[in-house]
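Colleague: How does the following fold in three dimensions:
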Amino acid sequence: MKSSYRYIHLKTTALLFLFSFVTHANPAGQRVSSKVTDVQVSLDGALITQTATFVLKSGNNRVVVDGLAADADLSSLRLAFTQKGISMAGYQLIPRYPRQEDQSPLMRQLGDSIEQIKRRSEEELLESSVLQQEREMILANKSLGGEGNFSVAELEKLADFYRARLSSIDNRVLQISRRKQKSRERMQGLKRQLDSLSLEFPEQVQQLILELKAMESGSTGLKVTYLSKSAHWQPEYELISQGAASPIELKVRARVVQHTGIDWTDVRWTLSTARARGRTEKPVALPWILRFLQPITRKLHKYAAPASRSDQPAMSGEALSVDSYFEAAVSAERTEQTLNVLFQGKEPLRLPSGAERLLDLEQRELSAQYRHALVPRQDPQAYLIARVVGLTGLSYLPGRTLLYLEQDLVGETTLYFQQNSSDTLDVSLGVDPRVTVQFTAEPPKISENGITNRIERAYKYKLSIQNKHNRPIQVQVDEAIPHSAHEDIQVVDVRLDGARPEGEQGLVRWLFDLGSNGEKSIQYSYSLRYPRNKLVGPL
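Modeller: Coordinates of the predicted model:
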């Protein structure tokens, strides 16, 4: 029969009073180990649940639960017991440092050396204090006249004694001071060496100290739930095409990373698209006041305009290597909540601290329309483009996306599902070598008109596309015809050979079908007229 846990309300006001003295690494009490059973990993943290079982005696008990995450959040702590009649007097989280038997021989040797220096420093401090008191006593009794009758020889002998003793004390104090400085430098060096070795030690974990009162003796189960920022997940995707006549397969994956200091062994897991510490308060609208501003003159610098996503193919034709630490996929069940999406794992998860794992969450098949697209004046190559249809309703987060074509990894991009306002997404799968392109730009013909004092430059281009596939393809050619931003610059005699305008900025497009082993040629031209004494660009 499954145990039923009863949560206890934690009173934080009792903590400082009860546990202000518990600051050492190995507090007294019944020590029990705990096991991670459930994790809910979000984008910036994880809600971790651990369980433990122990026996309580009737009356007061101190229990030390070992093995909580190194950064367990005390304010998020929730406790539940299976046994009735248990009350909480207080609780505290403190670090658990590596036990001496777990340390390497060099670490133990360094620790022993540090302790020896500490003991020697304490002895030297005590000796220095005694010498200082003796010096003060001698100075307090330095009057040699007094009420007694001393001969000159006796006074000289007494003065020599004071002088010699004070000199001896001062020399001894100076020696101790110099030795203390060397000991301090030696200890700092040993601590630095020990710290560097500690970095190689597994992550430090915490232990939970509980002050409990039980109405009767007996065994009880404990459930501890808390937040940790040392674990998170991020979405990753795969878009897989088996060819120009196939749909697109979308694989949704999660890269889970954890550095909590405790291993996750066969845990039940859930991934959430929420943020563990996300903002919940809505912003407040403030008055918007307009004022006259003082003009500021700044020197402008020219920067190259960043290319838009449509100008750059999402993939190159070069193959990329796959992550070497890829593990077997684990399926999950998707649940839509009011504000977030949950992925509930169907199989237990194993993930050691300091490791990461790639999990398969779900898989979808999306319709796709294929075409070959090129911008010949920039790059005379034909790119295979898949227009993915059916993105509406896919509430996925942005993420790194690997693109596969017929089992080959051809590159990667980043998908922004929620920023895509339409139902479609264009994905470039790289250059298709079986669609050849020849692009020729004739040298411009330049003529001058002395009457109008203007120059005319005539440009002519020829484009030839050949389909070497044994099936027809659709081809899209995009080009830019110069667009004037000044009335003295004229674009005339434009001949586009059947292209249609795309907007008002001089962009044009040819869209046509090309049969199996078919070929098509396109010729287009235009002329520029502008004043002879002006420079026009870019050309």
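Colleague: how about the strands in the stretch 151-300 of the chain?
Modeller: For the stretch 151-300 of the chain, strands defined by DSSP state E, counting those that start in this stretch occupy the ranges 205-214, 218-228, 231-241, 248-258, 264-272.
Colleague: Out of these, which is closest to D513?
Modeller: Proximity to D513 (CB to CB) singles out strand 231-241 among the strands of the stretch 151-300 of the chain, at 20.2 Å. (Glycine included, C-beta is placed from N, CA and C.)
Colleague: what's in contact with that closest one?
Modeller: Under the contact criterion CB atoms under 8 Å, 6 or more residues apart in numbering, strand 231-241 has outside partners 39, 41-46, 48, 248-260, 271, 358, 368, 386, 388, 396-406, 415, 427, 429.
Colleague: element containing L47?
Modeller: Using DSSP states H and E, the secondary-structure element containing L47 is strand 46-56.
Colleague: Which other helices and strands does that strand contact?
Modeller: The helices and strands touching strand 46-56, judged by 3 or more CB pairs under 8 Å, 6 or more residues apart in numbering; DSSP states H and E, are strand 30-33, strand 35-41, strand 59-68, strand 218-228, strand 231-241.
Colleague: how about 7 Å then?
Modeller: Contact analysis of strand 46-56 by 3 or more CB pairs under 7 Å, 6 or more residues apart in numbering; DSSP states H and E lists strand 30-33, strand 35-41, strand 59-68, strand 218-228 as its packing neighbours.
Colleague: who does the last one pair up with?
Modeller: What it means is strand 218-228. Partners of strand 218-228 in the sheet, by DSSP bridges, are strand 46-56 (antiparallel), strand 78-81 (antiparallel).
Colleague: what's the longest one in contact with?
Modeller: The set of residues external to strand 46-56 that reach it, using CB atoms under 7 Å, 6 or more residues apart in numbering, is 30, 32-40, 63, 65, 68-69, 212, 214, 217-228, 231.
Colleague: let's see 8 Å
Modeller: Outside strand 46-56, the residues that touch it by CB under 8 Å, 6+ apart are 30, 32-40, 63, 65, 67-69, 72, 76, 83, 86, 212, 214, 217-228, 230-232, 258, 260, 276.
Colleague: Please compute how far the lengthiest strand in the chain lies from its chain's middle.
Modeller: In terms of residue count, the longest strand belonging to the chain (DSSP state E) is strand 355-375. Distance, stretch centre to chain centre, for strand 355-375: 24 Å (CA atoms, centre = their mean, to the nearest Å).
Colleague: Can you say which of the strands of the stretch 151-300 of the chain is nearest to V130?
Modeller: Checked against CB to CB, the stretch from the strands of the stretch 151-300 of the chain lying closest is strand 205-214, at 41.2 Å.
Colleague: between that closest one and strand 46-56, how many degrees?
Modeller: For strand 205-214 and strand 46-56, the angle between their directions (axes from the mean of the first three to the mean of the last three CA atoms, to 10 degrees) works out to 50 degrees.
Colleague: How about strand 205-214, which residues are buried there?
Modeller: When neighbours are counted by 16 or more other CB atoms under 10 Å, the buried residues of strand 205-214 are found to be 205-212, 214.
Colleague: Is it possible to get CSV of those that adds distance to K191?
Modeller: Shown next, in CSV, are the buried residues of strand 205-214 (distance: CB to CB, whole Å):
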residue, distance to K191
V205, 22
Q206, 23
Q207, 24
L208, 29
I209, 27
L210, 33
E211, 34
L212, 38
A214, 43
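Colleague: Of all those, the one with the weakest confidence?
Modeller: By predicted confidence, the buried residues of strand 205-214 are weakest at V205, whose pLDDT stands at 83.
Colleague: That one pairs with what?
Modeller: Per DSSP bridges, residues listed as beta-bridge partners of V205: R96.
Colleague: my read: it touches R96, true?
Modeller: Yes - the criterion here is CB atoms under 8 Å, and V205 meets it with R96 at 5.5 Å.
Colleague: Which neighbours do those two have in common?
Modeller: 66-67.
Colleague: What pLDDT is listed against E216?
Modeller: At E216, the predicted lDDT confidence score is 92.
Colleague: mind checking how far it is from Q181?
Modeller: Applying CB to CB, to the nearest Å, one obtains 61 Å for the distance of E216 from Q181.
Colleague: could the strands of the stretch 151-300 of the chain be laid out in TSV, adding distance to A441?
Modeller: Supplementary listing: the strands of the stretch 151-300 of the chain in TSV, determined by distance: least, CB to CB, whole Å:
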stretch	distance to A441
strand 205-214	68
strand 218-228	61
strand 231-241	33
strand 248-258	36
strand 264-272	53
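Colleague: Please identify which of those strands is closest to V477.
Modeller: Evaluated over the strands of the stretch 151-300 of the chain, closeness to V477 peaks at strand 231-241, with 22.2 Å, by CB to CB.
Colleague: in the closest one, what's buried?
Modeller: For strand 231-241, the neighbour count (16+ other CB under 10 Å) marks 231-233, 235-241 as buried.
Colleague: what do you get for stretch 484-496?
Modeller: Counting neighbours by 16+ other CB under 10 Å, one finds that the buried residues in stretch 484-496 are L496.
Colleague: where in the stretch 1-150 of the chain is pLDDT low?
Modeller: Scanning the stretch 1-150 of the chain with the threshold set as pLDDT under 70 gives 1-3, 5-27, 97-104, 141-150.
Colleague: now the strands: where do they sit in the stretch 301-450 of the chain?
Modeller: Going by DSSP E, counting those that start in this stretch, the stretch 301-450 of the chain shows strands at 332-336, 341-345, 349-351, 355-375, 379-389, 399-405, 408-415, 424-431, 435-441, 445-449.
Colleague: can these go into a markdown table with extra columns for mean neighbour count and mean pLDDT?
Modeller: What follows is the strands of the stretch 301-450 of the chain, written out as a markdown table (neighbours: other CB atoms under 10 Å; pLDDT from 0 to 100):
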| stretch | mean neighbour count | mean pLDDT |
| --- | --- | --- |
| strand 332-336 | 13 | 77 |
| strand 341-345 | 18 | 87 |
| strand 349-351 | 18 | 94 |
| strand 355-375 | 18 | 91 |
| strand 379-389 | 20 | 91 |
| strand 399-405 | 20 | 89 |
| strand 408-415 | 18 | 84 |
| strand 424-431 | 20 | 86 |
| strand 435-441 | 15 | 95 |
| strand 445-449 | 11 | 89 |
